[in-house]
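Colleague: Provided below for reference: sequence and predicted model.
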Amino acid sequence: MTILKVTVLSGGVGGARFTRGLLSLLGHRGQVTVIANTGDDMWLHGVRVCPDLDTLMYTLGGAVHEEQGWGRRDESSRTSDDLAAYGLGWEWFTLGDLDLATHLARTALLREGLPLSQVTARLAERWSPGVTLLPMTDDEVETHVVVADGQEMQEMHFEEWWVRHRAALPAVRFVQTNLATAAPAPGVLAAIADADVVVVPPSNPVVSVGTILAIPGIRDALRTTSAPVVGVSPVIGGAPVRGMADACLTAIGVETSAVAVARHYGRRPDGVLDAWLVDDRDADAAETLRSEGWLAGAAPTLMTDVPTTARIAADALALVGALP
Ligand code: GDP
Ligand code: CA
């Protein structure tokens, strides 16, 4: 049996759901590495919170709050409520009690001096996610949003803009802190170079995948890997399926359409993709891209359940002839 090595560049909910389907499709025929966005990470109440890593860990480990898409199922918020009674924290960002245990464990290990990649591996041992889970970088790179507040410019953490303001404040630009000195985490570049296929799942193209691509070295690794790179559109019928990714696209001047997101990623060798799977409602987008030389296909891409998502993963791999 040949083993297909698949590397996925993931944000939180979209990337995690896709990866769960991919694992269901491949079973023992696949060896999957996930490179996760850590631009949403932040210090809160003195603990390090890594939303996308945790969504991946909980989703792939069978512990996620399924309807919500992130956080633990059977969660409570007694600790957060009690902290609020001290007037501490941000009332708009609840840390669940069980989730808090993850952050405490992570912070304890970071305080012992372990890099985030090793801490992530330690935490993942408990959940057996079935993938090698890598943060994009061990460095503290955070996505901030510059918003126009009247005549003034204001910079805030991405999560504050996203969760507190529901992305309603017009974003002027996104900034990644510490980017110039950041390096890919150990194993990240090799996972791209040595893969049989690289997948960009339906994750936020700006603040999830875009942030991963901004880490020095990662974009070049995608351009030069011998593996085909296939993406799945996070935009269906001109709208993001869940969340407010359109606000992020608008801020960087990209239209919210399956074609525009593909062109934004670009085709190799200048861009990072070889192929793009769009929803069957956007079949004309696939047609347009094919006329521009892309490998493009159209199929249902709504990740309603695991078998349906496995089918989406199969369609993506088939586009680049990588379906085992
Ligand atoms: P986040 O970090 O939790 O925001 O998650 P991601 O960045 O991984 O993914 C969020 C994006 O996934 C959203 O902006 C949606 O556009 C996309 N998405 C979510 N669910 C689906 C789905 O069922 N199908 C498709 N095609 N895209 C989806
Ligand atoms: Ca995220």
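Modeller: Here it is on my side, so go on. Numbers count the residues shown, from 1 in each chain. Ligands and ions are numbered 1, 2, ... in the order given.

Colleague: For the stretch 101-250 of the chain, what lies in contact range of ligand 1?
Modeller: Applying CB under 6 Å from any ligand atom, we find that the stretch 101-250 of the chain lies next to ligand 1 at 202-204, 208, 232-236, 240-243, 245. Every residue, glycine included, has its C-beta placed from N, CA and C.

Colleague: Show me the strands in the stretch 1-150 of the chain, by range?
Modeller: 4-10, 30-36, 42-44, 47-49, 132-135, 143-149 (DSSP state E, counting those that start in this stretch).

Colleague: Please pull out the lowest mean pLDDT helix or strand from this protein.
Modeller: Counting by mean pLDDT, DSSP states H and E, the chain has its least confident helix or strand at helix 78-85, which shows a mean of 90.

Colleague: Give the other helices and strands that that one contacts.
Modeller: helix 97-111 (3 or more CB pairs under 8 Å, 6 or more residues apart in numbering; DSSP states H and E).

Colleague: so the helix it packs on versus helix 78-85, what angle?
Modeller: Interaxial angle, helix 97-111 versus helix 78-85 (axes from the mean of the first three to the mean of the last three CA atoms, to 10 degrees): 80 degrees.

Colleague: For helix 97-111, give me every contacting residue.
Modeller: Contact with helix 97-111 is made by 44, 46-50, 54, 57, 71-72, 74-80, 95, 116, 118-119, 122-123, as judged by CB atoms under 8 Å, 6 or more residues apart in numbering.

Colleague: same question, stretch 242-253
Modeller: So stretch 242-253 is in contact with 13-14, 69, 145, 162, 166-168, 170-174, 204-207, 210, 234-235, 239-240, 255-256, 260-261, 264, going by CB under 8 Å, 6+ apart.

Colleague: hmm, 7 Å instead?
Modeller: By CB atoms under 7 Å, 6 or more residues apart in numbering, the residues outside stretch 242-253 that reach it are 13, 166-167, 171-174, 204-207, 234, 239-240, 256.

Colleague: how near is residue 96 to residue 21?
Modeller: Remark: distance between residue 96 and residue 21 (CB to CB, to the nearest Å) = 25 Å.

Colleague: Quick check: phi and psi on residue 206?
Modeller: Torsion angles at residue 206 (phi, psi; degrees, to the nearest 10) stand at phi -100, psi -60.
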